[in-house]
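# Just need the structure, nothing else, for what follows:
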Amino acid sequence: MGFDLQGINPKLHSQEPDRDSDFHEYNSWLSENPGVYFRNNVWYWRPLWRYVCENCTDILSEKDMNKGQWNNGEKIGKIKSIKIARRLDKLLKKGEVHQYLMAYETWRDNQEKDEGERSPYPFDEDNVRNFSRFCRESGGFYIC
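The predicted model follows:
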């Protein structure tokens, strides 16, 4: 299961390739236009969304937080999306995302020792950075 986020009104920095373009050309275009599409598999999305929710309680409603755990089309509007990006950028700049990552990895290591199995849900600083960029440039988004 994956989470495919679609920008509602993304900033475009280049023209979308035509339908006959190859896979590499289309992926290159997506890289140049990060507000169009963001994807995480369920393993990466759950910890990312949890982190966003924990740090954006004044931005996201309880409904947003709950529905964001499912890929059924929850809409996060432009203003909330920009506020999320700003908050994540601030946390990245202050080193708080890295501190969270270290604590999260310690928790995963301890879980493996205690239960014999490591959590399959990784947390990744670059994923936070990429999500922030998507939020900033998406014009709001749908979680599908």
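# does the residue positioned nearest the centre of the chain count as helix, strand or coil?
With distances taken as Cα atoms, centre = their mean, the residue of the chain nearest its centroid is F131 (3.7 Å). Secondary structure, DSSP: H, G, I helix; E, B strand; the rest coil: F131 is helix.
# is it true that it touches F38?
Yes. F131 sits in contact with F38 when judged by Cβ atoms under 8 Å, with a separation of 6.2 Å. C-beta coordinates here come from the backbone N, C-alpha and C atoms, glycine included.
# what's the neighbour count on N33?
The number of residues packed near N33 is 18, by other Cβ atoms under 10 Å.
# repeat for E117
8.
# Kindly confirm my reading that it is in a helix.
No. Counting by three-state DSSP, E117 is not part of a helix but coil.
# For I82, which non-adjacent residue is closest in space?
The shortest distance from I82 to any residue other than its chain neighbours is 6.4 Å, reached at R136 (Cβ to Cβ, 6 or more residues apart in numbering).
# And the one you found, how far from D89?
Relative to D89, R136 is positioned 8 Å away (Cβ to Cβ, to the nearest Å).
# try Q99
Distance, Q99 to D89, using Cβ to Cβ: 16 Å.
# Over to R133?
From R133 to D89 the distance is 9 Å (Cβ to Cβ).
# Other residues contacting the helix or strand that contains K63?
Using DSSP states H and E, K63 sits in helix 62-67. Helix 62-67 has contacts (Cβ atoms under 8 Å, 6 or more residues apart in numbering) with 53, 74, 76, 80, 143.
# Given the next helix or strand after it, what are its sheet partners and their directions?
Using DSSP H and E, the helix or strand that follows helix 62-67 in sequence is strand 74-76. Sheet pairing of strand 74-76 (DSSP bridges) gives strand 141-143 (antiparallel).
# Now do the buried residues in the strand it pairs with.
141-143 (16 or more other Cβ atoms under 10 Å).
# still on that earlier bit, residues in contact with the residue nearest to I82?
R136 neighbours (Cβ under 8 Å, 6+ apart): 35, 81-82, 85-86, 89.
# From K78, how far out is it?
Distance from R136 to K78, by Cβ to Cβ: 10 Å.
# and if you look at L60?
Separation of L60 from K78 (Cβ to Cβ): 14 Å.
# Have a look at those two and say which one is more surrounded.
More neighbours surround L60 than the other of L60 and K78, with 20 against 15 (other Cβ under 10 Å).
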